[in-house]
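Student: coords below, sequence missing:
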């Protein structure tokens, strides 16, 4: 289980807020951002769009750690992405929130869970459902893994794979409830059962009420 690589992002100071200044920043190829920290006041900065796009193109990047370079951030600052706002149409980055973490203090992090293997139940005609794609753990930043692998090859029909079934490294303290379901395999409904169920449902006409 590979330890997470820490990329570096360059930051520049910014003093203006609001839609107008943020729009001008994005026109210059920059992304407005804020650095938060439990013992520090929020710091307004901007990130290079291309640099951010490259960093976030890597696997599991949105849960990765980032060193910040530049006087605006301060010295030896490590952060985790807290929130990314995107344009709903163009998917361009609109704003980024970064949370400051200490390399010497344990904190809570979200770690992706990736399944491996084809479940026995799926080979027998069942259908697999994914309930959770990540779990919450507490650890030192240096011990944070890129991902946690779940071997679901032995998952039979009508069985589930829980958080407690994962092989969690000793350096990680599990925060997510161990009884939470990650994956499940269900028997596939027959065409006749599907039609019978549909026949018993009232027809919906028009737009449902919000």
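Tutor: Ah, there it is. Quantities reported herein were computed from a predicted structural model and do not represent experimental measurements. Numbering: from 1, shown residues only.
Student: Check what pLDDT the nearest residue to residue 68 once chain neighbours are set aside gets.
Tutor: Spatially, and ignoring its direct neighbours in sequence, residue 68 is nearest to residue 77 (4.4 Å; CB to CB, 6 or more residues apart in numbering). Every C-beta, even on glycine, is put in place using the N, C-alpha and C of the backbone. Turning to residue 77, the model gives it a pLDDT of 87.
Student: got the contact list for the residue nearest to residue 153 when sequence neighbours are not counted?
Tutor: For residue 153, ignoring the flanking residues on the chain, the nearest one in space by CB to CB, 6+ apart is residue 117 at 2.9 Å. Going by CB atoms under 8 Å, 6 or more residues apart in numbering, residue 117 touches 151-154.
Student: okay, those in CSV with distance to residue 84 and secondary structure next?
Tutor: Formatted as CSV, those follow (distance: CB to CB, whole Å; DSSP: H, G, I helix; E, B strand; the rest coil):
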residue, distance to residue 84, secondary structure
151, 31, strand
152, 29, coil
153, 34, coil
154, 36, coil
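Student: so which of these is the most crowded?
Tutor: Among the contacts of residue 117, the one with the most neighbours (other CB atoms under 10 Å) is residue 152, at 23 neighbours.
Student: wouldn't it be in contact with residue 120 here?
Tutor: No - between residue 152 and residue 120 there is no contact under CB atoms under 8 Å: 9.4 Å.
Student: rewinding a little: which of the contacts of residue 117 lies closest to residue 90?
Tutor: Set against residue 90, the nearest of the contacts of residue 117 by CB to CB is residue 152 (36.0 Å).
Student: In this protein, what residue spans correspond to strands?
Tutor: 6-13, 30-37, 40-48, 65-69, 77-86, 93-101, 107-116, 127-130, 134-139, 148-151, 159-162, 173-174, 181-186 (DSSP state E).
Student: TSV for the ones you listed, including distance to residue 19?
Tutor: Converted to TSV, these look like this (distance: least, CB to CB, whole Å):
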stretch	distance to residue 19
strand 6-13	19
strand 30-37	10
strand 40-48	15
strand 65-69	25
strand 77-86	12
strand 93-101	10
strand 107-116	30
strand 127-130	37
strand 134-139	32
strand 148-151	40
strand 159-162	45
strand 173-174	41
strand 181-186	40
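Student: right, so of these, which gets closest to residue 55?
Tutor: Within the strands of the chain, the stretch nearest residue 55 is strand 6-13; the backing value is 4.9 Å (CB to CB).
Student: And the chain, what are its domain boundaries?
Tutor: According to the domain assignment given by automatic domain parsing, the chain is divided into the following structural domains: 6-101, 108-194.
Student: thought the residue nearest to residue 68 was touching residue 102?
Tutor: No - between residue 77 and residue 102 there is no contact under CB under 8 Å: 9.9 Å.
Student: Who has more neighbours out of these two?
Tutor: residue 77 (22 against 15).
Student: from memory residue 87 sits against residue 95, does it?
Tutor: No - proximity of residue 87 to residue 95 does not meet the contact threshold set by CB under 8 Å, at 10.4 Å.
Student: Look at those two and report which has more neighbours.
Tutor: Per other CB under 10 Å, whichever of residue 87 and residue 95 has more neighbours is residue 95, with 15 against 10.
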